[in-house]
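> Need a 3D model of the sequence below.
(one chain, ligands or ions: 1)
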Amino acid sequence: MSLNDTEISSVRYKGDHLLLLDQQQLPEHTVYLNVTTISHVWDAIAKLNVRGAPAIGIAAAFGLVLWAKQYKSSDLSSFHAELKEQHDYLASSRPTAVNLFWAIRRVLEAAKKADSVEHAVSLIESEALLIQKEDEETCRRIGEHALSLLQNGDALMTICNAGGIATARYGTALAPFYIAKEKGWELSVYANETRPVLQGSRLTAWELQANGIDVTLITDNMAAHTLKTKNIAAVIVGCDRVAANGDTANKIGTFGLALQAKALGIPFYVASPLSTVDLATETGDDIPIEERPAEEVTHIGGKRIAPEGIKVFNPAFDVTPAQYISAIVTEKGIVKGDYKNQLPKLFEEETR
Ligand code: MRU
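Next up is the predicted model:
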């Protein structure tokens, strides 16, 4: 199934430009940024106009396409050298979500098979389109696998936005809600608002409501009480990087939710495409955690809510240790514990 032109989508490739859904303007305005250069893509990633691990990777891959299409010389070795520089430039836009590095590395590798610049441009374009297409299929499979952990009528909880607009389509943690709806199931979800940038209220609540899914918004400090009193069947979240031992980086506040879920005996599920599993990162301690501008904490909607000059700590992500994760749901199936031994097997099966 592919997206039609009226469906909301985070990244649309238009040959000589990209349309990026401006997620900073949601839910008030549904507008697309018209992006024509790689530096504009870098900016859009850094400023969270496009965000969510898979969507960042897709946007960056197309950033390299835009650059390649604008390349003027026919010297293939200079092309490769400059492509690597552009790769490194995009890699500096955000540090935590491994999908960014995974996607642009794929593009770089694809270009190596070229025998001319023209050929390289075409290989790069095909690879970016493939990354986007595969992500849609991957998310759908994650949704289907996740449903096997759930029952019709379940109420769940999530944080941040791991939905269709954070991916090519369907999302990861939100995919089961869409697949459930197709099957005629009724799942409901409590969405944590997700301070400081409010991806939960601005994006998840908007996205699910627009798609007719039963969503209730809470502030982050209401999570424990809601988990305890609302018969929540499970917490399900997305992720930005899963280390080889299963430790998982996701939006700040995720670790707190995992601790609460553990204390209350509620399963805690991580929905993760294999593109987010980074076997080269041994443990969560090795995952770089992005720190973002103080203004995200001192201001809401441009209005100051903290005293001038206050010291601010603003980590965008935290790491949930593997021991708090009941299962990791991937497109290749579900892993429950023993992540260090089980996660590599998913990749082995992929290459068979
Ligand atoms: O800072 P963001 O909005 O890019 O953070 C996004 C998240 O933490 C998501 O949960 C994660 O990237 C998974 S998106 C399918």
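> List the residues that contact L123.
For L123, the contacting residues are 110-111, 113-114, taking C-beta atoms under 8 Å, 6 or more residues apart in numbering as the criterion. The C-beta positions use only the backbone N, C-alpha and C, and glycine is treated the same way.
> Of the residues you listed, grab the buried ones for ChimeraX.
Typed into ChimeraX, the line below selects the buried ones among the contacts of L123, using 16 or more other C-beta atoms under 10 Å:
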select :110,111,114
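> What about the contacts of L123, which are in helices?
Using DSSP state H, the members of the contacts of L123 that fall within helices are 110-111.
> any idea which of the contacts of L123 is closest to the ligand?
A110 (23.3 Å; C-beta to the nearest ligand atom).
> For the closest one, which non-adjacent residue is closest in space?
Using C-beta to C-beta, 6 or more residues apart in numbering and skipping the chain neighbours, the partner closest in space to A110 is E127 (3.8 Å).
> which residues does the one you found contact?
Taking C-beta under 8 Å, 6+ apart as the criterion, E127 is in contact with 61, 106-107, 110-111.
> biggest separation within the residues you listed, which pair?
Across the contacts of E127, the longest distance by C-beta to C-beta is 11.5 Å; it joins A61 and A111.
> Doesn't D16 belong to a helix?
No: under DSSP: H, G, I helix; E, B strand; the rest coil, D16 falls outside any helix and is assigned coil.
> and it, what does it touch?
Residues in contact with D16 (C-beta under 8 Å, 6+ apart) are 36, 66, 69.
> roughly how far is the least confident helix or strand in the chain by mean pLDDT from the heart of the chain?
Least confident helix or strand of the chain, by mean pLDDT, DSSP states H and E, is helix 339-351 with a mean of 87. Helix 339-351 sits 21 Å away from the centroid of its parent chain (C-alpha atoms, centre = their mean, to the nearest Å).
> do the same with stretch 26-42
In terms of C-alpha atoms, centre = their mean, the centre of stretch 26-42 is set 17 Å apart from its chain centre.
> Count the residues that sit near the residue lying closest to Y13 once chain neighbours are set aside.
The shortest distance from Y13 to any residue that is not its chain neighbour, by C-beta to C-beta, 6+ apart, is 5.3 Å, and that residue is F62. Each residue near F62 was counted by other C-beta atoms under 10 Å, and the total is 28.
> Could you look up the SS state of F62?
Note that with three-state DSSP, the state of F62 is helix.
> That one and K14 touch, don't they?
No: here F62 lies out of contact with K14, judged by C-beta atoms under 8 Å, at a distance of 9.7 Å.
> Quick check on the contacts of D16: which are buried?
The neighbour-count test (16+ other C-beta under 10 Å) marks L66 as buried among the contacts of D16.
> how about the contacts of D16 in CSV, adding secondary structure, distance to L150 and pLDDT?
What follows is those, written out as CSV (DSSP: H, G, I helix; E, B strand; the rest coil; distance: C-beta to C-beta, whole Å; pLDDT from 0 to 100):
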residue, secondary structure, distance to L150, pLDDT
T36, coil, 43, 98
L66, helix, 40, 98
K69, helix, 44, 98
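> Relative to E134, which of the contacts of D16 is nearest.
L66 (20.2 Å).
> rewinding a little: gap between the residue nearest to A110 and the ligand?
Taking C-beta to the nearest ligand atom, to the nearest Å as the measure, E127 falls 21 Å from the ligand.
> Repeat that for G284.
G284 sits at a distance of 14 Å from the ligand (criterion: C-beta to the nearest ligand atom).
> For L21, list the residues it contacts.
When contacts are counted by C-beta under 8 Å, 6+ apart, L21 touches 8-11, 30-33, 50, 165.
> Make a ChimeraX selection of whichever of those residues turn out to be buried.
In ChimeraX syntax, the buried subset of the contacts of L21 is picked out as below (16+ other C-beta under 10 Å):
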select :8,9,10,11,32,33,50,165
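> Quick one, grab the pLDDT at the closest residue to D278 other than its chain neighbours.
Excluding its sequence neighbours, the residue lying closest to D278 (C-beta to C-beta, 6+ apart) is V98, at 4.4 Å. pLDDT recorded at V98 is 98.
> okay, and for the protein, where does confidence drop off?
Across the chain, residues meeting the criterion (pLDDT under 70) sit at 1-6, 349-352.
> buried stuff in the least confident helix or strand of the chain?
Going by neighbour count (16+ other C-beta under 10 Å), the buried part of helix 339-351 is 339, 343, 346.
> For the first one, which non-adjacent residue is spatially closest?
The shortest distance from Y339 to any residue other than its chain neighbours is 2.8 Å, reached at G246 (C-beta to C-beta, 6+ apart).
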